[in-house]
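**Student:** starting from these lines, generate the structure:
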Amino acid sequence: MNNLSKGKVLAIDDDPQMRSALKEALERLGFSVTLAVDGEDGFVKIKKEGFSLIVSDMMMPKMDGLSFLKHVRKEGFFTPVLIITGFGTVESAVEAMKLGAADYIMKPFSYDSLKKAIEGLVPKSIDNKDIIFASEDMKKIVNLATGLASSDITVLIYGESGTGKEVLARYIHKNSKRADKSFVAVNCAAIPENLLESELFGHEKGAFTGALERRIGKFEKAQGGTILLDEIGEMALPLQAKLLRVLQEKEFDRVGGKDPIKIDVRIIATTNRDLKKECEKGTFREDLYYRLNVFPIKLPPLRERREDIEALSEHFLRKYNMKINKNILGIDKKAMEILKNHYWKGNVRELENVVQRAVFMCQKNYISHEDIYFEEGENKDIIGTDTFKGSLRDVEKEMIFRTLAETGGNKTKAADILGITVRTLRNKLKEYGNIFPLEEKNSYGRTVNG
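**Tutor:** Modelled structure (predicted):
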């Protein structure tokens, strides 16, 4: 499997044969490649479009690699730059490293040498960009998850809310022998205790008041595949006992059922609690804990893997560029420093929200510190801007109205772009006093009543 992101690379070299060879090699690695004939040409191109990597020759006419790098950094572009250098120019390559080049390789070089150099520079994107990382900690975790994927071993993923526990669980499933079967996620914290048993195991018609027909539970739906028990620490003790039987006997009973149902399901569980301490307090069964904790993985919070912040921010920038049809080229140095220095109590989920809002608010080619703001208690001001001092509610309203304007009043499309339901959008508009016209168009372009 190719572990490199399918990003865009700018390859700069004055030698036509080298440009052609670079293009072939980089495309083989899965990149989209733009070519430039020298540093001057390359500099023009990076001002027009964003790249995940730049590969540049050192010795070129008009603007050599060193001058190109100086211009790139001076203008606030922080894309990784891999320098290609020939014999006798190693000192210049070292100088380039001091100016911010990420690495260099010597000519002539092999395809494997180029691949190895790039693997150390480009933020990895595993399995269709499911996992974005640049840190060594996450590299180890993903490598571990890759190894576990081939077995049916039960995995317990620890981590704060928003760290990507479900993303990692999905990655394990997609790289397993069960990948062609269902992946079924159950949020144990979101389902009321009296309904969770029926949700997991299903029920027979007439099993209880309101059970008007047989219902198939999540375990049956996951037959042959993987079930994710999200936030397992929230599960009530009586249901924990029934889950323990499933793990031990590989069977369960529907609520109101008479015959046990055999299952072949891989179980992955996640929690933001210390289950060992929950066992000591008596709120979690110790025997279930040991059944689940066969192979634990701990996802560190984002503030402990700050190397991932830039890679994730750029990923979310590309995501929301596409979603709302914008062409923001990048995040400038000051804005990125703000992102890197934030505490990120909400982890990756919070970072995505911040970048999403920044994409909405940005009116230039690059996201600046004026587009970055966080929710900080009751005073929800944008951080670091002298041009806007409104509350988060004001910015939210601005985003909603701007999106509605861009969609011609189509609330269905606007809600999809904003990542909320149409009902939530309607409620927000009522909250704002319905000052945006409630007439809207449906997905067929017909006017409907708001």
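
**Student:** so for stretch 104-115, what gets flagged as buried?
**Tutor:** Using 16 or more other C-beta atoms under 10 Å as the test for burial, stretch 104-115 gives 104, 105, 114, 115. Yep, even glycine has a C-beta here, placed from its N, CA and C like the rest.

**Student:** in this structure, where is pLDDT below threshold?
**Tutor:** 1-7, 76-78, 87-90, 93, 120-130, 207, 376-394, 433-450 (pLDDT under 70).

**Student:** from the contact counts, what lies against the helix ranked longest in it?
**Tutor:** Scanning the chain for the helix with the most residues, using DSSP state H, yields helix 307-323. When contacts are defined as 3 or more C-beta pairs under 8 Å, 6 or more residues apart in numbering; DSSP states H and E, helix 307-323 sits against strand 131-133, strand 330-331, helix 333-341, helix 347-361.

**Student:** I'd like to know which of the ones you listed lies nearest to residue 32.
**Tutor:** strand 330-331 (16.5 Å; C-beta to C-beta).

**Student:** run the chain-centre distance for stretch 100-110.
**Tutor:** Distance, stretch centre to chain centre, for stretch 100-110: 30 Å (C-alpha atoms, centre = their mean, to the nearest Å).

**Student:** same thing with stretch 320-340?
**Tutor:** Centre-to-centre, stretch 320-340 and its host chain are 15 Å apart (C-alpha atoms, centre = their mean).

**Student:** ok, and for it, which residues are buried?
**Tutor:** Neighbour counts over stretch 320-340 (16+ other C-beta under 10 Å) mark 320-321, 324, 328-333, 335-336, 338-339 as buried.

**Student:** check contacts around the residue nearest to residue 15 when sequence neighbours are not counted.
**Tutor:** The spatially closest residue to residue 15, leaving aside those adjacent along the chain, is residue 57, at 7.4 Å (C-beta to C-beta, 6 or more residues apart in numbering). By C-beta atoms under 8 Å, 6 or more residues apart in numbering, the contact list for residue 57 reads 12, 13, 14, 15, 18, 65, 83, 84, 85.

**Student:** please repeat the previous calculation with a cut-off of 10 Å.
**Tutor:** 11-15, 18-19, 22, 36, 38-39, 42, 64-65, 68, 83-86, 89, 107 (C-beta atoms under 10 Å, 6 or more residues apart in numbering).

**Student:** and it, what are its bridge partners?
**Tutor:** Per DSSP bridges, the residues bridged to residue 57 are residue 84.

**Student:** ok, now how distant is it from residue 73?
**Tutor:** Residue 57 sits 18 Å away from residue 73, going by C-beta to C-beta, to the nearest Å.

**Student:** domain ranges for the protein?
**Tutor:** Per automatic domain parsing, the domain ranges recorded for the chain read 8-122, 131-298, 305-448.

**Student:** tell me how far the first one is from the chain's mean position?
**Tutor:** Put plainly, it is domain 8-122. In terms of C-alpha atoms, centre = their mean, the centre of domain 8-122 is found 27 Å from the chain centre.

**Student:** show the buried residues in the contacts of residue 57.
**Tutor:** Here, 16+ other C-beta under 10 Å leaves 11-14, 18-19, 22, 36, 38-39, 42, 64-65, 68, 83-85, 89 buried among these.

**Student:** from residue 29, how far out is the residue lying closest to residue 366 once chain neighbours are set aside?
**Tutor:** Distances taken as C-beta to C-beta, 6+ apart put residue 332 closest to residue 366, at 4.7 Å, once the chain neighbours are dropped. Distance, residue 332 to residue 29, using C-beta to C-beta: 28 Å.

**Student:** next one: residue 399
**Tutor:** Residue 399 is 37 Å from residue 29, by C-beta to C-beta.

**Student:** what packs against the helix or strand harbouring residue 92?
**Tutor:** Counting by DSSP states H and E, the element that carries residue 92 is helix 90-98. Contacting helix 90-98 under the criterion 3 or more C-beta pairs under 10 Å, 6 or more residues apart in numbering; DSSP states H and E are the following elements: helix 65-74, strand 81-85, strand 103-106.

**Student:** what sits up against it?
**Tutor:** Residues contacting helix 90-98 (C-beta under 10 Å, 6+ apart): 56, 58-59, 64-66, 68-70, 81, 83-86, 89, 101-106.

**Student:** how about a cut-off of 8 Å?
**Tutor:** By C-beta under 8 Å, 6+ apart, helix 90-98 touches 58, 65, 66, 69, 81, 83, 85, 101, 103, 104, 106.

**Student:** could I get the phi/psi values of the residue lying closest to residue 37 once chain neighbours are set aside?
**Tutor:** Setting aside the residues directly before and after it, residue 37 is nearest to residue 14 in space (C-beta to C-beta, 6+ apart), at 5.8 Å. In terms of degrees, to the nearest 10, the main-chain angles of residue 14 are phi -80, psi -10.

**Student:** measure residue 14 to residue 101 for me?
**Tutor:** 18 Å.

**Student:** now do residue 226
**Tutor:** Taken as C-beta to C-beta, the span from residue 226 to residue 101 is 43 Å.

**Student:** same thing with residue 415?
**Tutor:** Distance from residue 415 to residue 101, by C-beta to C-beta: 44 Å.

**Student:** give me every residue that touches residue 371.
**Tutor:** 335, 357, 358, 361, 362.

**Student:** now for those: which two are most distant?
**Tutor:** Going by C-beta to C-beta, the pair spanning these furthest: 335 and 357, at 12.3 Å.

**Student:** what number of residues lie near residue 363?
**Tutor:** Burial of residue 363 is recorded as 9 neighbouring residues (other C-beta atoms under 10 Å).

**Student:** how about residue 424?
**Tutor:** Neighbour tally, residue 424, other C-beta under 10 Å: 12.

**Student:** same question, residue 262
**Tutor:** 10.

**Student:** swap in residue 82?
**Tutor:** Quick note: residue 82 (other C-beta under 10 Å) scores 21 neighbours.

**Student:** correct me, but it touches residue 106?
**Tutor:** No - contact criterion C-beta atoms under 8 Å: residue 82 and residue 106 do not qualify, at 12.0 Å.

**Student:** if I look at residue 62, how far off is residue 37?
**Tutor:** 9 Å.

**Student:** residue 422 now?
**Tutor:** Relative to residue 37, and taking C-beta to C-beta, residue 422 is found at 51 Å.

**Student:** phi, psi of residue 147?
**Tutor:** When read as degrees, to the nearest 10, the backbone of residue 147 gives phi -70, psi -40.
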